[in-house]
Structures are given as C-alpha cells and as structure tokens.
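Asks: okay, predicted coordinates and the sequence, questions at the end:
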Amino acid sequence: MAATVSVETQSYTKVAIALHWVIAAMILGQIAGGVYMSGLPLSTQKFELYQAHKSFGITVLFLSLTRLGWRLTHPSPPLPEGMTAWERRLARVSHIGFYALMIGVPIGGWAVVSASPLADSVPTKLFGVIPWPHMPFFGGVEDRTSLYETIAGMHELFAFATLGLMGLHVGAALKHHFIAKDDVLVRMIPLLRRVAPKN
C-alpha cells in the first residue's frame, strides 16, 4: 500500500501513515474473521459476525477510496535511487494491485450479500444502525444460490490474493530496510531507526 510524502521533508504524511496502518489492520482482521466465521454452524453468533464483517468491509471500502483520493492529490515519495528497473516496475504493479484489491474485495463482498437468496429477508445495517442497500443487479436472477456461491468463491479467492500481496509487500519492506538499507520502511514507521547504510 503506497503512502504519500511531504515534498519538504520527504517523509510520509500523518494522514497517509494512519490510513495505511488502519486499512492493513482491518484487512487482516476481515480475512481472519471471514475464515473463522465460515466454519461456524448456523447460529445467532454467526449471524452477528456476518453483520460485523459486512460493516467493517464497507468501512474498508470507504477508507480505501479515501486513501486513493489522498494518493492522487498528494505527491508520492521518490523510489530509492538504488532500485533496479524491474524492482520499480514490480513496486508500481503491486501498488496498483493493492488499490484494486482494497476497493474490489469489499465491493465483491457487497455483491455476495446482494446476490444471496436471503438478501430480501436479511437487511444490512452497518454496525446495527445505518441501513445499507443491496446492489440492484440480482433481483431477476432465477438461480440465486449458484450465483451467490460463484461470487462468494471469487470474494474468498481475492481476499487470499490480498493476503499474499501483503506478504510480498512486507518482504519487500524488510528487504529495503535490512538489505538495501534505505529509508523506505522508516518513512512508514517514523519511530523506526534507519539501519546504517552499506559502505
């Protein structure tokens, strides 16, 4: 997940850092919660967990759109000079992939709920308070169960793709800090001391 930088200080802005870590924590929580609740038998607890999952998913969507807006309206930090051309291309592709997944996976979850055969009888209220509409595309579908299962499978697949990309992202950040010894990770964790550069 890319973060923006102040031109004057070449450090990440507080808004960018906050959005980065809040979204990352929520995505990890959503994936862990999704795995946990999928294995539960039908119960009031499972229903409540699904409602919470939907609420936090929409929250991730809004935060990710905010993050994208912030990224488009604020300058991004320059990549370290020592990065090779393929590393620069990979960094760009991974950042684009992150935005696509951070926005696309919650939208996919919204589609799962909307396509469900229970959509008409189980309304969504964000955090039990704010009514949230279903997508209007699925009302005339005859086999809602098959469609629901297909979309749910894709939602799960892309959620795990997000987890994999996060692993790649963390690995790259650690490589920057401990091998390249540049300030990429320090920019995102200001309290982290930079490793002494190589001679």
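Replies: Structure received.
Asks: okay, strands next: where are they in this structure?
Replies: 124-126, 130-132 (DSSP state E).
Asks: ok, and which of those has the densest surroundings?
Replies: With neighbours defined as mean count of other CB atoms under 10 Å, the strands of the chain peak in mean count at strand 124-126, which reaches a mean of 15. Heads up, the C-betas are built off the backbone N, CA and C, glycines and all.
Asks: any idea which residue sits dead centre in the protein?
Replies: residue 102 (3.4 Å; CA atoms, centre = their mean).
Asks: for residue 22, see how far away that one is.
Replies: 12 Å (CB to CB, to the nearest Å).
Asks: equivalent analysis for residue 156, please.
Replies: Distance from residue 156 to residue 22, by CB to CB: 23 Å.
Asks: and what of residue 63?
Replies: In terms of CB to CB, residue 63 sits 7 Å off from residue 22.
Asks: ok, residue 137 next?
Replies: Taking CB to CB, one finds residue 137 at 30 Å from residue 22.
Asks: try residue 152
Replies: If you go by CB to CB, the gap between residue 152 and residue 22 works out to 26 Å.
Asks: between the two, point out the one with more neighbours.
Replies: residue 152 (18 against 14; other CB atoms under 10 Å).
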